[in-house]
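1. Sequence and predicted model, in that order:
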Amino acid sequence: MQDLDFLRHITLGQYFPRRSVVHALDPRVKLLGVALLAAAISFNASYAANAILLAACFAIALLSLISPLYILSGLRPAIPFIVFFALIQVAFFTGPYGPTLHPRQLLHLGALVVTDSGVRLVLISVARLLELWLLTSLLTNTTPISTLAGGLESLLRPLSALGFPSHDLALVFTLALRFLPVFALELEDTMKAQISRGVQWNSGRLAFVANSRRIAALLVPLFVDALRRAEGLATAMEARCYVSRRRSIGGKGHTSLLYLRFQARDWVALAALSAFAGALILCRNAFPW
Amino acid sequence: MSAAVKAAISIRNLSYTYMAGTPLATPALDGVSLRVNAGEIVALVGQAGAGKTTLLQVCDGLLRPPATGMVQVLGIDTAEPQALSRLRLRVGLLFQRAEAQLLERFVGDDIAFTPRQAGLPRDEVRERVRQAMQAVGLDFEEFKDRRTFNLSGGEMRKVALAGLLASRPELVLLDEPTAGLDPESRTSLLEVVRRLRDQGATIVIASSSMEDLPGLADRLIILNHGRVAAEVPGADVWRYGPLLRAQGLDLPELCSIVEHLADRGLDLQPRSLDPDGIAEAICRIWTS
């Protein structure tokens, strides 16, 4: 039988209320922290640096009082695709990668050439995926969406002087994240309704191949519903007097319940994250393996 | 309750938790045990979040019950994955969001979906579609080639109901079937439910509103926070006003009148809890 409780597998976009140090941080610190760590992840292609980064992500999850393994379980539906792309990369990537400047052949079978740089590429890519998934999930798991949007708007505010629509961008970001679980629920509803009418969704190892033909029948009602919802939301916002900040009188039409102010712990966290990410970026070539 | 009467649904000690094993685990059902006899109309009533929809979806095998509970529907154990597709051809579930249930581009094809899945011959499918559309008040010629997703909300619900009728289910599960319907559509839907009962189907209606239920259901099972709080006979529901109010529910207007008259010593004992039955009871007392 299918497990049709989809929300259980959606870890991104869900807020888990906890009394933790990470939850208490200013959203701007978390956003900047994620950006800094994401930069460190992008710059480092060595096993050692990625092991340190992965350990750091696990530590942040534990500090947030959220199980890192639970967050990673959100990646489960993507495993077939990850395995597929990993196999392609292992089988065909032969160039230098990261510290491996001179690739060594591990296996040669006709057109199939497996090198140590190909293996490195796959392992580092998987590690990066896990690290980025943990970081972005933790960002939404520890911060209510409206607070996150407030933080983003505040960070982008200096650009408003140049005509950049920071408020609108923050709103779009909020709505996109807010509706992620809603769409998961709607997908679940639609699938349940179709199964109850006799549609067979397969489960098992190669289920995604067999099910791909049925996805079209699922997407049409889902998109119809999404468009209706978007239209309804836009009308509701207009009815509740929402106007874009750019079009409001003097650009000052909006006030906010959210009052953001840096505290000592925010400065400490930002300094620690900057030092950690900065050190990893600067020493990226110092790791021998 | 006589054991000789066949059970359409038999549930023992069923619990269900959404997002189980996650930080947002939400219990929906907690130790529910109930039985619905074949040919009965049973209403599951309770406030929003009482577990009505979850219970219906467990009965259709859409949600996996934990190892502890036992759910048998039409004699089939829903824990057996192989039996579920067979079961679903015999069970019709009308969802609260009818539009989620529609999956074909044209109305006729959509209504024909389940009969086609059952492998019925073409002529029989066409006849079933015609009859189902007629039963819900949709003209066959006018609607069969209309695009499903261009219909209004009310029409979509009619198409979903026609799709359910076309499969001629033995067990019909209706999730808030009258919510948001105009009075005419509501009356016609209740008429369809009565006709299904006359044809021998077992019907379970989940509803957060008591309106329409007393004159229709044989029994009302009241759910509260995922537990069965009480069971009330449909014909005498007005005698249970205080109990229902304690569960956050209320009697419909007509039943309240009967209840208030009984409180003042005038026991109407109506034949049925509809305007006709109550008017007849008043006239009977008046003339005697």
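-> That came through, no problem. Residues are numbered from 1 along each chain as shown, chains lettered A, B, ... in the order given.

2. starting at the chain centroid, how far to stretch B:75-94?
-> Remark: stretch B:75-94 is offset 17 Å from the chain centroid, using CA atoms, centre = their mean, to the nearest Å.

3. cool, and stretch B:260-273?
-> For stretch B:260-273 - counting by CA atoms, centre = their mean - the centre lies 27 Å from the chain centre.

4. With stretch B:222-229 instead?
-> 17 Å.

5. Give me the residues contacting it.
-> Outside stretch B:222-229, the residues that touch it by CB atoms under 8 Å, 6 or more residues apart in numbering or on different chains are B:15-16, B:27-34, B:44-47, B:49-52, B:54-55, B:221, B:230-232, B:243-244, B:247-249. Any C-beta I mention is one placed from the backbone N, CA and C, and that applies to glycine too.

6. if you set the cut-off to 6 Å instead, what comes out?
-> B:27-30, B:32, B:34, B:44-46, B:50-52, B:230, B:247 (CB atoms under 6 Å, 6 or more residues apart in numbering or on different chains).

7. Which member of these is positioned nearest chain A?
-> residue B:28 (10.1 Å; CB to the nearest CB).

8. per-residue pLDDT, residue A:138?
-> On the pLDDT scale, residue A:138 is placed at 93.

9. Tell me which residues of the strand or helix carrying it come out buried.
-> Element membership for residue A:138, per DSSP states H and E: helix A:116-141. Within helix A:116-141, the residues scored as buried using 16 or more other CB atoms under 10 Å in any protein chain shown are A:117-122, A:124-128, A:130-141.

10. for stretch B:39-50, same thing?
-> So, applying 16+ other CB under 10 Å, buried residues of stretch B:39-50: B:39, B:40, B:41, B:42, B:43, B:44, B:45, B:46, B:50.

11. The fifth one and chain A: what is the separation?
-> Pointing back at residue B:43 there. For residue B:43, the distance to chain A equals 20 Å [CB to the nearest CB, to the nearest Å].

12. how about the nearest residue to that residue, chain neighbours excluded?
-> residue B:217 (3.9 Å; CB to CB, 6 or more residues apart in numbering or on different chains).

13. Number of residues surrounding the one you found?
-> 26 (other CB atoms under 10 Å in any protein chain shown).

14. Confirm it sits in a strand?
-> No - judged by DSSP: H, G, I helix; E, B strand; the rest coil, residue B:217 forms no part of a strand; its state is coil.

15. what does chain B put close to chain A?
-> B:18-19, B:22-23, B:60, B:62, B:64, B:81, B:88, B:93, B:95, B:100-101, B:103, B:113-114, B:117, B:149 (CB under 6 Å from any CB of the partner chain).

16. again, only this time at 7 Å
-> Counting by CB under 7 Å from any CB of the partner chain, the residues of chain B close to chain A are B:18-20, B:22-24, B:57, B:60-64, B:81, B:84-85, B:88-89, B:93, B:95, B:97, B:99-103, B:113-114, B:117, B:149, B:163.

17. Geometric centre of chain B: which residue is closest?
-> residue B:205 (2.1 Å; CA atoms, centre = their mean).

18. What values do phi and psi take at that residue?
-> phi -110, psi 120 (degrees, to the nearest 10).

19. Give me the next element, helix or strand, following the helix or strand that contains residue B:160.
-> If you go by DSSP H and E, residue B:160 is part of helix B:153-166. Proceeding N to C from helix B:153-166, the next assigned helix or strand is strand B:171-175, under DSSP H and E.

20. list the helices and strands that next one packs on?
-> Helices and strands touching strand B:171-175, by 3 or more CB pairs under 7 Å, 6 or more residues apart in numbering or on different chains; DSSP states H and E, are helix B:52-59, strand B:91-94, strand B:202-207.

21. Okay then, goodbye and thanks.
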